[in-house]
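In: Dropping a prediction and its sequence here:
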Amino acid sequence: MTSAGAQRILTAVQDILVERGLEEVTIRNVAAAAGLSIGAVQHHHKTKDDLIMAAMNEVSRNFIERVGSAVHPEASARQNLDAVCRILGGVDDESRTASVIWLSYASKATTSSAVASAHQESWRLMEEGLTTLLRQWNPDLTRDDTAMLMALLDGLAIARVTETDRMTSERAQRLIDQYLNRLEPRSR
């Protein structure tokens, strides 16, 4: 299959996850949405778990690119932290879509050891990166501070996906700002 066909499969999985939910990600539905034969999809992704893993790998790759383009060496540590928190908290629409896929992936991690292993590794790497950003801003912060921030961002991302009227983009951003303000470095 051409790389265009492979990309159509990944796009189809993501579209189905966002629009119809995890239970609708089947080889048959993905093939129909991608405009390909079932055999063409199965050639690259034998199972539903394979499809979900491929979609999550694509989301992770896009996430890394977004974070890379959001973090600037000339920006302050707080500006870089703010940019990453916007992405992780699902504040904007692009981040919100990624959050839908991430939530489906996390759900699947409860029943698939392969997905669980990849999910755990993703979270470990995310915690390391976020800890680095936090410590650049405030060297007194710990991994526990990172874990609390990640819990906040994860909760906001879920609320942005499931309760858009209650958790607007503006409210999510305000809550992130309030929390980070509490972690502000003390003058020495």
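Out: Nice, thanks for sending it over.
In: Nearest spatial neighbour of residue 126, chain-adjacent residues omitted?
Out: residue 150 (7.0 Å; C-beta to C-beta, 6 or more residues apart in numbering). The C-beta positions use only the backbone N, C-alpha and C, and glycine is treated the same way.
In: Remind me what the helix or strand where that neighbour lies packs against, helices and strands.
Out: Taking DSSP states H and E as the criterion, residue 150 maps to helix 143-162. Judged by 3 or more C-beta pairs under 8 Å, 6 or more residues apart in numbering; DSSP states H and E, the packing partners of helix 143-162 are helix 77-88, helix 93-108, helix 113-137, helix 169-182.
In: what's the neighbour count on the residue nearest to residue 126?
Out: Neighbour count for residue 150, taken as other C-beta atoms under 10 Å: 17.
In: residues contacting it?
Out: 88, 123, 126-127, 130 (C-beta atoms under 8 Å, 6 or more residues apart in numbering).
In: same thing but 10 Å
Out: 85, 88, 123, 126-127, 130-131 (C-beta atoms under 10 Å, 6 or more residues apart in numbering).
In: Next, the angle helix 77-88 makes with the helix holding residue 150.
Out: 40 degrees (axes from the mean of the first three to the mean of the last three C-alpha atoms, to 10 degrees).
In: Now do the buried residues in helix 143-162.
Out: 145-146, 149-150, 152-154, 156-161 (16 or more other C-beta atoms under 10 Å).
In: of the residues you listed, the lowest pLDDT goes to which?
Out: Across those, the smallest pLDDT goes to residue 161, namely 89.
In: my guess is that residue contacts residue 99, does it?
Out: Yes - using C-beta atoms under 10 Å, residue 161 is in contact with residue 99, at 5.0 Å.
In: residues bridging contact with the two, i.e. touching both?
Out: By C-beta under 10 Å, 6+ apart, the residues touching both residue 161 and residue 99 are 18, 90.
In: Buried residues in stretch 61-81, which are they?
Out: 63, 66-67, 70-71, 77-78, 80-81.
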